[in-house]
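Show me how the following folds:
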Amino acid sequence: MESAVSAYEHLPYRPCVGTMVLNRKGRVFIGRRTGGPEQVDEVHGWQMPQGGLDPGEDPFHAALRELCEETNIRSVEPLAEMRDWLGYDLPDELVPHAWGGRYRGQRQRWYALRFTGEDSEIDIAHPCGGHEPEFVEWRWVEMRELPDLVVPFKRQVYVRVIAEFGHLAGK
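Numbers count the residues shown, from 1 in each chain. Predicted coordinates for the structure are as follows:
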């Protein structure tokens, strides 16, 4: 089945970074969003930490910054970096409501990180830098569970991230 052409295909993608944070047992950190235009229902409100890349900012440093701003996590070791940038389009009805209607979706660079701290370091209610909380709850999940927990339009990105970083769950 051929998909319809988006009314927003003329818009650029928002440059973004994402982190797959694995604990010592190989489980992945996910947080449930507090809301926003990407929150389409209660079941699919979960995601790994991700956020915008500032102009001229190094993607890896942006990933660490975003991780801290959303979770307060600082105790990590780098494990891997995606070779490719991954992208997704927002559904047309969400474009006017997300990021001021300036982007059609996101283009993301993903990093796998090992969490070396204690769970008590994670503080989604008071993330570093005085940022407003983006998550209302968090948990560690098996990597294979991720695609069923995220909004459908991000699912293919998560499948690709799992394919790239799946071997790290057992290490």
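
burial of residue 20, as a residue count?
Neighbours of residue 20 under the rule other CB atoms under 10 Å: 27. Every residue, glycine included, has its C-beta placed from N, CA and C.

if I look at it, how far off is residue 162?
Separation of residue 20 from residue 162 (CB to CB, to the nearest Å): 8 Å.

before we move on, what about residue 110?
In terms of CB to CB, residue 110 sits 10 Å off from residue 162.

neighbour count winner among those two?
Neighbours around residue 110 and residue 162, counted as other CB under 10 Å, are more numerous at residue 110. The numbers are 26 against 17.

what about the more buried one, which SS state?
What DSSP: H, G, I helix; E, B strand; the rest coil gives for residue 110 is strand.

And for the one 10 residues further on?
For residue 120, the secondary structure call by three-state DSSP comes out as helix.

pLDDT at it, what is it?
In this model, residue 120 is scored at 97, pLDDT.

Start at 20, not 1
Understood, numbering begins at 20; the last thing we discussed is residue 139.

so for stretch 83-91, what's the average pLDDT?
Rounded mean pLDDT across stretch 83-91 is 97.
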